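S.K.: predicted structure and sequence below. I'll ask about it afterward.
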Amino acid sequence: MSTEHHLSALSTAQPPFRTVVTPDTAGWGFSGLRVLELQPGHSAEITTGDSETLVLPLEGGCTVALDSVVFEVEGRENVFSRVSDFVYLPRGARATITSESGGRFALPASRCDRALPARHGRAEDVPVELRGAGQSSRQVNNLCLPGTFAADRLLVCEVLTPAANWSSYPPHKHDEASATEAELEEIYYFEVADGPHGHGVGYHRVHGTPRRPIEVLAEVRSEDVVLVPHGWHGPSMAAPGYDLYYLNVMAGPGAERAWRISDHPNHAWVRDTWAAQPMDPRLPLCSARGRGDRG
């Protein structure tokens, strides 16, 4: 069982996977993530085991073959270039992923009970939400959430934060089952835009309660992971000059598949200031049609 909550890039690699987080290695019950790397023209066979799984391109496109069905996934150049399409695979599936051009493919997953049908999620059907205001403005691609895409337990979204902005703010938590919270484990997987002289950085904060302590203040780089088993998490901070991306993977034990949060009581007031602030004009950073598309 891992007690480490900030996992640096490639520290969990098991080729052909650049990142491997399972419920067992994370020390919790449901959420997992693998990132598959394929060289041009290569294939890999994956099994989903007891977990429903998405095949989500981070860079590149692919085909996903499952039994007699083949899904064509257009993908994208990188996580900042467009909203991507994806494939949903049920538990108990064996699939072959092939990429003619090569690429990296996130496989967010959750242990689950029901085996739902395999499906293709079209990029055009992904709701793009602009959240916050001012320097708390960010873009949320609601890939696989209640009301956007059917799953048994899995919740997946992407957040794009323009350079110098804060997201996952105010700090919030979802570690108790109540009318205001859903109990969810969460994985943050980061990508940071490059600058003219090299790789960018961002920052992420997690802190706990006296009853359930946790303490993370991490400088994050591309392919880093932060695990949030409980506690207040946020902000995620994009450094000036470097746009920040993170993939959120959430799942939990509740009978209801829901995303409910409680804001930190010391900082919840910040939401009330957004009504008087404009949305960052750089947003959306991209759409299903590409970078900088406002449609």
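M.R.: Perfect, thanks for sending it.

S.K.: hmm, Leu58 is touching Arg104, no?
M.R.: Yes: the pair Leu58 / Arg104 is scored as a contact, 4.4 Å apart, by C-beta atoms under 8 Å. Bear in mind the C-beta positions are built from the backbone N, C-alpha and C, glycine included.

S.K.: okay, and the common contacts of these two?
M.R.: When contacts are counted by C-beta atoms under 8 Å, 6 or more residues apart in numbering, Leu58 and Arg104 are jointly contacted by Val35.

S.K.: show me what counts as buried in stretch 185-192.
M.R.: Glu185, Glu186, Ile187, Tyr188, Tyr189, Phe190, Glu191, Val192 (16 or more other C-beta atoms under 10 Å).

S.K.: no, scratch that, I was asking about stretch 84-101
M.R.: So, applying 16+ other C-beta under 10 Å, buried residues of stretch 84-101: Ser84, Asp85, Phe86, Val87, Tyr88, Leu89, Pro90, Arg91, Ala93, Ala95, Ile97, Ser99.

S.K.: again, but for stretch 40-50
M.R.: Judged by neighbour count (16+ other C-beta under 10 Å), stretch 40-50 contains these buried residues: Ala44, Ile46, Thr48.

S.K.: could those be laid out in a markdown table, adding pLDDT, secondary structure and distance to His6?
M.R.: Shown next, in a markdown table, are those (pLDDT from 0 to 100; DSSP: H, G, I helix; E, B strand; the rest coil; distance: C-beta to C-beta, whole Å):
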| residue | pLDDT | secondary structure | distance to His6 |
| --- | --- | --- | --- |
| Ala44 | 98 | strand | 27 |
| Ile46 | 98 | strand | 26 |
| Thr48 | 98 | coil | 27 |
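
S.K.: can you show me the strands along the stretch 151-295 of the chain?
M.R.: 155-161, 166-167, 172-173, 185-192, 202-207, 215-220, 225-228, 232-238, 244-251, 262-263, 286-287, 290-291 (DSSP state E, counting those that start in this stretch).

S.K.: next, the angle from the fourth one to strand 244-251.
M.R.: Spelled out, it's strand 185-192. Strand 185-192 runs at 160 degrees relative to strand 244-251, counting by axes from the mean of the first three to the mean of the last three C-alpha atoms, to 10 degrees.

S.K.: remind me which residues of this structure are low pLDDT?
M.R.: Residue ranges of the chain with pLDDT under 70: 1-3, 294-295.

S.K.: for beta bridges, what are the partners of Glu226?
M.R.: Actually, residue 226 is Val. It isn't Glu. Legend: beta-bridge partners of Val226 under DSSP bridges are His6, Tyr188.

S.K.: ok, it - contacts?
M.R.: His5, His6, Leu7, Ile187, Tyr188, Phe190, His204, Val206, Val216, Ala218, Val220.

S.K.: give me that answer again for 10 Å
M.R.: Applying C-beta atoms under 10 Å, 6 or more residues apart in numbering, we find Val226 in contact with 5-7, 186-190, 204-206, 216, 218, 220, 233, 236, 246.

S.K.: go on, Ala151?
M.R.: When contacts are counted by C-beta under 10 Å, 6+ apart, Ala151 touches 52-54, 88, 90, 110, 112, 114, 116, 119, 144-145, 251, 257.

S.K.: and His199, how close does it get to Thr53?
M.R.: For His199, the distance to Thr53 (C-beta to C-beta, to the nearest Å) stands at 28 Å.

S.K.: now do the helices in the stretch 1-150 of the chain.
M.R.: Using DSSP state H, counting those that start in this stretch, the helices assigned to the stretch 1-150 of the chain run over residues 23-26.

S.K.: which residues of it fall in strands?
M.R.: Going by DSSP E, counting those that start in this stretch, the stretch 1-150 of the chain shows strands at 6-7, 17-21, 31-38, 42-47, 51-66, 69-76, 86-89, 94-99, 103-111, 119-121, 128-131, 138-144.

S.K.: export these to TSV and tack on distance to Glu158?
M.R.: Shown next, in TSV, are the strands of the stretch 1-150 of the chain (distance: least, C-beta to C-beta, whole Å):
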stretch	distance to Glu158
strand 6-7	19
strand 17-21	16
strand 31-38	13
strand 42-47	21
strand 51-66	8
strand 69-76	11
strand 86-89	10
strand 94-99	19
strand 103-111	9
strand 119-121	12
strand 128-131	10
strand 138-144	4
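
S.K.: fine, thanks again, bye for now.
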